[in-house]
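Colleague: What follows is a predicted protein model with its sequence.
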2 protein chains.
Amino acid sequence: VSTRSERWLTELCQLLEFPSISADPRHWSDVNACANWLARHIQAIGLENVRVLPGPNGGLPSVYADWLHAPRQPVLLLYGHFDVQPARAGDGWATRPFQPTRIGDRLYARGASDDKGQLFAHLKAIETWMSDSASPPVNVKVWLEGEEEINSPNLPAFLEREHRRLEADAALVSDTFMPSPDQPAIVLALRGNVTFQLNVRGAPADVHSGRYGGAVANPLEALCRVVAGLHDSQGRVNLPGFYARVRTWSPAARKWIRSQHLSDAAFLRSIGVESSSGEYGYSAIERATIRPSLAVTGINGGHVRGDTSVIPARAAARMSARLVADQDPYEISRLVSQHLVRLKPPTTTLGVRTTGLSYPVEMSAEHPVFGAVERAVKRVWGVHPRYTRSGGSIAAVAQLHRRLGMPIVVLGMGLPSDAIHAPNEHLNISQFFKGIDTVVRFLGELRR
Amino acid sequence: VSTRSERWLTELCQLLEFPSISADPRHWSDVNACANWLARHIQAIGLENVRVLPGPNGGLPSVYADWLHAPRQPVLLLYGHFDVQPARAGDGWATRPFQPTRIGDRLYARGASDDKGQLFAHLKAIETWMSDSASPPVNVKVWLEGEEEINSPNLPAFLEREHRRLEADAALVSDTFMPSPDQPAIVLALRGNVTFQLNVRGAPADVHSGRYGGAVANPLEALCRVVAGLHDSQGRVNLPGFYARVRTWSPAARKWIRSQHLSDAAFLRSIGVESSSGEYGYSAIERATIRPSLAVTGINGGHVRGDTSVIPARAAARMSARLVADQDPYEISRLVSQHLVRLKPPTTTLGVRTTGLSYPVEMSAEHPVFGAVERAVKRVWGVHPRYTRSGGSIAAVAQLHRRLGMPIVVLGMGLPSDAIHAPNEHLNISQFFKGIDTVVRFLGELRR
């Protein structure tokens, strides 16, 4: 690894040290500090018009910068996000999540893969052009978001205000993964996401489980009955209308889709799971890409440590509905909320709040920008990229696609084994450097 | 309130300041410190043979003391517990739980009613005899436990070791409540308690809810299905054999039982609940006293704060089975564990551990000691005590009754509205002083 590469890794470690957790208000100052660090860094690279743009409605900031001195050349918008998922040492981290730790080819830290490592590869590709050729070959705009991990609640308002600033001929987003280290992939479809907060309430306060157990409603048990009713015995979401707009695929299309992805076995092996569980009649990859899901992502109520024996006054749950084309997140939000309220047991109260919405994305690879990225990938990796689907959601991709109608190249350099959103998240350092090379070449290929 | 009474309240506040939470290992040093404080206090009152007895198997300590200089007089064992339920300011406390706060006739603190206030009334009654008459009228032994709130896991071993020390003609236990401030009650029956810890595991680590949602088993949803299946549509525990040994009561007996308790409406009103929920065919009081229950007292898994979207690797739950005569806690522990393991969904693993067991208690009021307490109650409160049943469990009462076979007077001075095990626990100061008077008189009435 060259001196320059060592310096880049040191810089990336600085970026990873910010606990920029957007989901936790106690860390919002860290999100802001991280934005300021990035703005200074981008300024030093040589980009112009560097701004930390405040989020609308008091939301978290974005970072913007551009270089627009190549007349007649296209404008490429490079997107990434610098906020990260929460990480607690007690959750099973072998290293400290905000103390980046290099072990062999791996760099362990929260955000190493999702998405600081990947956005930093974009910046280092621009820096390569700046230092080797004095300027990028095309016009570039950099937009780094600070609310992606909380489902970008203020993104519609942000785009309402800033859409002119972000106008471009195409966008590049690196916030996904490749099926394997030797097989790059461009994501053409993403699932949408609607997140919900459920609150069930019983007595006004916790009550003694002996004195009152069996005689008063238990919000935890009520919540469990609601959750248990969400899926039928075939693993389908048990909610009238949920599948009404789901696009169906011909056997040939399904076969092609499967051919572009990891095998089910490899997909599951990457997270240490032996067998898939879900909707009857679909493979694991299909369940996670062309089929919607409704998952409970958290439940909390009462006490699980020690024998603090109460019938709790309240129970809370989080849920995430992952949507596919052509489901509408607003319609699903209404359907799920109304359904849950109908399931409310008579002696408890149940509240549902939608905490975030993003649209599913379906794109085609027909725009010439895909030719440019295919050539760049071929040069660096020696193979053609696959065209895959991600089960995840990137609200910014959905919004850029829907609102600005621009072609978006979703080219990830992560790996399925990166443990994003989980303990021991890491980035493969060789992926990072090949990612930089790919973006360097891609910028060159975009030149008219 | 006299100078002496003021001093007693000040002392009680000192006792209440110890966060002696037996369920939390971080507070075990406070449990020990509280035991030492009580030992010194009891020594100062004038009792002898004061000991802090270590718990067997590394368990938490008990405090013992006696005064045995009244030959030909009976020996009364006075029992209480100085460990308390957990309390966190964030749970809804209006005051600081370990900073006792007097508001009018109420003293707010964790443990004020359960059980430090009540055990302290015993000590102050003995002190009254010591200071007013130089000695108690009968022989007394004081035994204060430090593991009651965690279901007394080491009590069988403790009694194996210490049963000779605790031998007595009768016992007095104040760890329950009166139906109303003008109606004292003696509890003749307590429910037993078996507590369980459940752990459900899915993938080896949390995984991204988008990338894998719908394709891998969700331990939280599996847990909810298990919990949802625990009760049938009639509110009965849905577990073969659970009711096999439950004692049935004639309509006349049920009528008498209801006559001794609060009305259902008053019972529910005391915790701010409008309607009961539970086993079909029984009143709220019956559901909480002569019928067993199986309640989930805590669930935790994934994240409910912020949009940390994972399919969690694990989900945990606590459950409490409250038993009535003639259910056997060991048999119920086996039944429940085997049933839960059978319900285990195929793609997750489920572990069940029994964390505590105590027997239900059924006593009669035929021993002369009940005549003595009835006379004392009549003198102080002006009415005969009712004979009630508690839905709660006091492992020590069950063990003393089963193992030492002694008559036990379970005379509480708490009120249903004391919010024990809940935020804003408090003691009514007038109840405390009338409780002291009652024990003073009871000791006198015991004299042959």
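Modeller: Thanks, I have it. Numbering: from 1, shown residues only, chains lettered A, B, ... in the order given.
Colleague: can we go C-alpha only for contacts and neighbour counts from here?
Modeller: Will do.
Colleague: Please give me every residue in contact with A:Ile311.
Modeller: A:Asp206, A:Val207, A:His208, A:Ser209, A:Tyr212, A:Gly213, A:Asn218, A:Gly302, B:Ala295, B:Val296, B:Thr297 (C-alpha atoms under 8 Å, 6 or more residues apart in numbering or on different chains).
Colleague: Angles on the backbone of it, please.
Modeller: The phi and psi torsions at A:Ile311 (degrees, to the nearest 10) take the values phi -90, psi 110.
Colleague: got it, and the one 3 residues further on?
Modeller: For A:Arg314, the backbone dihedrals (degrees, to the nearest 10) come out as phi -150, psi 160.
Colleague: low-confidence ranges in chain A?
Modeller: Applying pLDDT under 70 to chain A flags the ranges A:1, A:306-307.
Colleague: ranges for the helices of it?
Modeller: Taking DSSP state H to define them, one finds helices in chain A at A:3-16, A:28-45, A:116-133, A:155-166, A:219-228, A:251-260, A:264-269, A:284-289, A:329-343, A:368-381, A:395-399, A:429-446.
Colleague: Excluding sequence neighbours, find me the nearest residue to A:Leu220.
Modeller: Once flanking residues are discounted, A:Leu220 sits nearest to A:Ala315: 5.3 Å by C-alpha to C-alpha, 6 or more residues apart in numbering or on different chains.
Colleague: Isn't the one you found up against A:Asn199?
Modeller: Yes: with contacts counted by C-alpha atoms under 8 Å, A:Ala315 reaches A:Asn199, the gap being 5.9 Å.
Colleague: Tell me which of the two has more neighbours.
Modeller: Taking neighbours as other C-alpha atoms under 10 Å in any protein chain shown, A:Ala315 and A:Asn199 compare with A:Ala315 leading, 25 against 21.
Colleague: who's that one bridged to?
Modeller: A:Val200, A:Gly301 (DSSP bridges).
Colleague: Also A:Val142?
Modeller: A:Val142 has these beta-bridge partners by DSSP bridges: A:Ala65, A:Leu78.
Colleague: Now do the contacts for it.
Modeller: Contact analysis of A:Val142 by C-alpha under 8 Å, 6+ apart lists A:Val63, A:Tyr64, A:Ala65, A:Asp66, A:Leu77, A:Leu78, A:Tyr79.
Colleague: circling back to that earlier point, and which of the contacts of A:Ile311 is nearest A:Pro240?
Modeller: Closest approach to A:Pro240 among those (C-alpha to C-alpha): A:Asn218, at 27.1 Å.
Colleague: Find the nearest non-adjacent residue to the closest one, please.
Modeller: A:Ile311 (6.0 Å).
Colleague: Likewise for A:Leu230?
Modeller: Counting by C-alpha to C-alpha, 6+ apart, A:Asn238 is the residue found nearest to A:Leu230 once chain neighbours are left out, at 5.2 Å.
Colleague: what's the answer for A:Val273, then?
Modeller: Nearest non-adjacent residue to A:Val273 (C-alpha to C-alpha, 6+ apart): B:Ala203, at 5.6 Å.
Colleague: Backbone dihedrals for the one you found, please?
Modeller: Backbone torsions of B:Ala203, given as degrees, to the nearest 10, read phi -60, psi 160.
Colleague: Contacts only, for it.
Modeller: Contacts here follow C-alpha under 8 Å, 6+ apart; on that basis B:Ala203 touches A:Ile271, A:Gly272, A:Val273, B:Val216, B:Ala217, B:Pro312, B:Ala313, B:Arg314.
Colleague: I am assuming the last one contacts B:Ala217, so please confirm or correct that.
Modeller: By that I understand B:Arg314. No: between B:Arg314 and B:Ala217 there is no contact under C-alpha under 8 Å: 10.4 Å.
Colleague: Overlap of the contact sets of those two?
Modeller: The overlap between the contact sets of B:Arg314 and B:Ala217 (C-alpha under 8 Å, 6+ apart) consists of B:Gly202, B:Ala203.
Colleague: Look at the two and report which has more neighbours.
Modeller: Using other C-alpha under 10 Å as the criterion, B:Arg314 and B:Ala217 rank with B:Ala217 on top: 26 against 23.
Colleague: mind listing what the more buried one touches?
Modeller: By C-alpha under 8 Å, 6+ apart, the residues touching B:Ala217 are A:Ser276, A:Ser277, A:Gly278, B:Gly202, B:Ala203, B:Thr347, B:Thr348.
Colleague: need the contact list for the second one.
Modeller: What it means is A:Ser277. Counting by C-alpha under 8 Å, 6+ apart, A:Ser277 touches A:Gly235, A:Ala284, B:Gly214, B:Ala215, B:Val216, B:Ala217, B:Thr347.
Colleague: how close does it sit to B:Phe432?
Modeller: 58 Å (C-alpha to C-alpha, to the nearest Å).
Colleague: for the fifth one, same thing?
Modeller: In this structure, B:Ala203 and B:Phe432 are separated by 53 Å, where distance is defined by C-alpha to C-alpha.
Colleague: ok so, going back, from the contacts of B:Ala217, which single one is nearest A:Gly111?
Modeller: A:Gly111 lies nearest to B:Ala203 out of the contacts of B:Ala217, by C-alpha to C-alpha, at 21.0 Å.
Colleague: how far away is A:Pro86 from chain B?
Modeller: Using C-alpha to the nearest C-alpha, to the nearest Å, A:Pro86 is found at 7 Å from chain B.
Colleague: repeat for A:Gly382
Modeller: Going from A:Gly382 to chain B by C-alpha to the nearest C-alpha gives 27 Å.
Colleague: sorry, back to before: sort out for me which of the contacts of B:Ala203 are in strands.
Modeller: With strands defined by DSSP state E, the entries of the contacts of B:Ala203 inside them are B:Arg314.
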